[in-house]
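Trainee: everything below, folded, please.
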Amino acid sequence: IDVRPITPQIGVELVGVDLAVPLPADTFGALRAAWLAHTILLIRRQAHLRPEDLIAFARRFGELDEHDQPQYCLAGYPEIALVSNVKEGDRYVGAPKAGRQWHSDAQYLRRPPSASLLWAKEIPPADGNTCFANMVAAYRELDPALQQRIASLEINFSRVRAYALYHPERPPLTDEEKAR
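Mentor: Coordinates of the predicted model:
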């Protein structure tokens, strides 16, 4: 596998990887180490993947979460949430407004996932960028006095508070969803 840095602070591109083929343990170990060191892995030319391939690969990183809005999941695959502004008839095929504001996936969960895996199936010719930030690198660049000043601060992400603001088109959260 050829590992090519994308920027000094975040991301590497992995060349020579086919996620449809089960990776040997040592290859996956190197891939996982690259992810831990660089936080973003870009693996191109995976259009041939089947949903089962994507799920099998993702499971090697740990337990998968099922999306809380099943109407936006790939039929038969609750582990795969669709993000799309494409309509079939009068219904969007995926969550049309997902990710329009800065966020961290599922940060509101009591035990947030350690990663998200994006599988781009259809990309617009322009204005389809997904941006990423390395908050560990940002923290390391802070003045030590500021690091010390904020060291004891905690944050509480509240999906209950933000949900109606970010998703006014969706039905209200159920008590079960609020408890997650």
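
Trainee: now do the helices in the protein.
Mentor: 25-38, 51-59, 135-140, 144-150, 159-166, 175-179 (DSSP state H).

Trainee: among those, where is the model least confident on average?
Mentor: Per-stretch mean pLDDT for the helices of the chain is lowest at helix 159-166 (a mean of 76).

Trainee: does residue 172 really touch residue 164, like I thought?
Mentor: Yes - Residue 172 lies in contact with residue 164 (C-beta atoms under 8 Å); the separation is 7.1 Å. The way it works is simple: take the backbone N, C-alpha and C, and place the C-beta from them, glycine included.

Trainee: which non-adjacent residue is nearest residue 160?
Mentor: residue 178 (5.1 Å; C-beta to C-beta, 6 or more residues apart in numbering).

Trainee: please read the previous query as pertaining to residue 9.
Mentor: residue 137 (4.4 Å).

Trainee: then residue 133?
Mentor: For residue 133, the spatially nearest residue (C-beta to C-beta, 6+ apart) is residue 10, at 7.3 Å.

Trainee: count the residues that sit near the one you found.
Mentor: If you count neighbours by other C-beta atoms under 10 Å, residue 10 ends up with 17.

Trainee: how much space between it and residue 150?
Mentor: Separation of residue 10 from residue 150 (C-beta to C-beta, to the nearest Å) stands at 21 Å.

Trainee: what count of nearby residues applies to residue 57?
Mentor: Neighbourhood size, residue 57 [other C-beta under 10 Å]: 22.

Trainee: that one and residue 17 touch, don't they?
Mentor: No - look at residue 57 against residue 17 with C-beta under 8 Å: they stay out of range, at 9.7 Å.

Trainee: so how far is residue 15 from residue 29?
Mentor: 18 Å.

Trainee: about what we covered before: find the residues that touch each one of residue 57 and residue 17.
Mentor: residue 23 (C-beta atoms under 8 Å, 6 or more residues apart in numbering).

Trainee: can you pull the pLDDT of the residue most central in space within the chain?
Mentor: Geometric centre of the chain, nearest residue: residue 116, 2.7 Å, by C-alpha atoms, centre = their mean. Here the pLDDT value assigned to residue 116 is 84.

Trainee: what residues are up against the closest residue to it other than its chain neighbours?
Mentor: Spatially, and ignoring its direct neighbours in sequence, residue 116 is nearest to residue 105 (4.3 Å; C-beta to C-beta, 6+ apart). By C-beta under 8 Å, 6+ apart, the contact list for residue 105 reads 112, 113, 116.

Trainee: what is the least confident helix or strand in the chain?
Mentor: Lowest by mean pLDDT, DSSP states H and E among the helices and strands of the chain is helix 159-166, with a mean of 76.

Trainee: do a quick rundown of the strands in this structure.
Mentor: In the chain, strands defined by DSSP state E lie at 2-5, 12-15, 41-42, 73-74, 77-81, 87-88, 91-92, listed in chain order.
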